[in-house]
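Peer 1: Need a 3D model of the sequence below.
(one chain, ligands or ions: 2)
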Amino acid sequence: MPQISPEFQNRFFPYQLPMPEAEVYLVPDFISREKQASLQEALTQKAAWRQEKIRMFGKQVDQPRLTAWYADAGKAYTYSGLTWEPLPWLPELAELRSQLEKTTGAPFNSVLLNLYRHGQDSMGWHADDEPELGQNPIIASLSLGQERTFSFRHRLQKELKNQLVLPSGSLLLMAGSTQHYWHHQLPKTTKLLQPRINLTFRFIY
Ligand SMILES: O=C(O)CCC(=O)C(=O)O
Ligand SMILES: [Fe+2]
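Peer 2: Ligands and ions are numbered 1, 2, ... in the order given. Purely as a prediction, here's the structure:
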């Protein structure tokens, strides 16, 4: 099972969130200030954004965000009931992957991109616990652009919650038993917001 390195755990200990039965780090400025805007621009232009549908109350409706999925050849992934065929890595994504692998000591072979166009784009409560992610998945989630609120809620003790703001350039790393015990979401807001790109790097078996 892939593990995050003791070097990462020591170096980023101050950034670990105080959540029981979880291992979550929020590292601000993981992507340098100079790189954030150009990366967001490049990915907005070049990523193969798709408008996927979801079934809601028996109807097909647009997912409230655009998505794109890149992975090593031969990997297929089922996500919210959709099966994805991987696209070859863009150079920008390959570079982020190697930066993440170097820093965390963990391997990543896929990345899901989410584009939240405005405050009404969102992602509902879920855990990243699909079987192909394995027992204790390590999910490295990068944010670019508009800062957004992100929340955690314990799956058994519903009163245990944590709400954070994900700034541009930040890394949210979820590891250990986080996905077993916690759900997370990116809620809608009525505030007028600029676009945000989220990249979640994963390892698929
Ligand atoms: O946009 C985010 O920060 C959350 C994305 C997420 O949870 C996911 O892709 O599974
Ligand atoms: Fe997620």
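
Peer 1: distance of P187 from ligand 1?
Peer 2: In this view, P187 and ligand 1 are 11 Å apart by CB to the nearest ligand atom, to the nearest Å. Backbone N, C-alpha and C define where each C-beta goes, glycine included.

Peer 1: go on, L96?
Peer 2: Distance from L96 to ligand 1, by CB to the nearest ligand atom: 15 Å.

Peer 1: so that residue makes contact with L144?
Peer 2: No: using CB atoms under 8 Å, L96 is not in contact with L144; the gap is 10.1 Å.

Peer 1: Could you name every residue contacting both of the two?
Peer 2: Common contact partners of L96 and L144 (CB atoms under 8 Å, 6 or more residues apart in numbering): 31, 39, 199.

Peer 1: which one of the residues you listed has the most neighbours?
Peer 2: Highest neighbour count within the shared contacts of L96 and L144: L199, with 25 neighbours (other CB atoms under 10 Å).

Peer 1: Which residue is the nearest non-sequential neighbour of it?
Peer 2: L142 (4.5 Å; CB to CB, 6 or more residues apart in numbering).

Peer 1: Relative to K161, which of the shared contacts of L96 and L144 is nearest.
Peer 2: L199 (24.8 Å; CB to CB).

Peer 1: Secondary structure element holding that closest one?
Peer 2: strand 196-202 (DSSP states H and E).

Peer 1: What strands flank that strand, and is each parallel or antiparallel?
Peer 2: strand 110-116 (antiparallel), strand 139-145 (antiparallel) (DSSP bridges).

Peer 1: hmm, who's touching that strand?
Peer 2: Under CB under 8 Å, 6+ apart, the answer for strand 196-202 is 40, 43-44, 93, 96-97, 100, 108-116, 128, 133, 137-148, 166, 168, 186.

Peer 1: Show me what residue of the chain gets nearest to ligand 1.
Peer 2: Closest approach of the chain to ligand 1 (CB to the nearest ligand atom) occurs at N198, with a separation of 3.4 Å.

Peer 1: Need the shared contacts of L96 and L144 in JSON lines (columns: pLDDT).
Peer 2: Output for these, formatted as JSON lines (pLDDT from 0 to 100):
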{"residue": "I31", "pLDDT": "98"}
{"residue": "L39", "pLDDT": "98"}
{"residue": "L199", "pLDDT": "98"}
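
Peer 1: mind showing which ranges of the chain have poor pLDDT?
Peer 2: Scanning the chain for pLDDT under 70 picks out the ranges 79-82.
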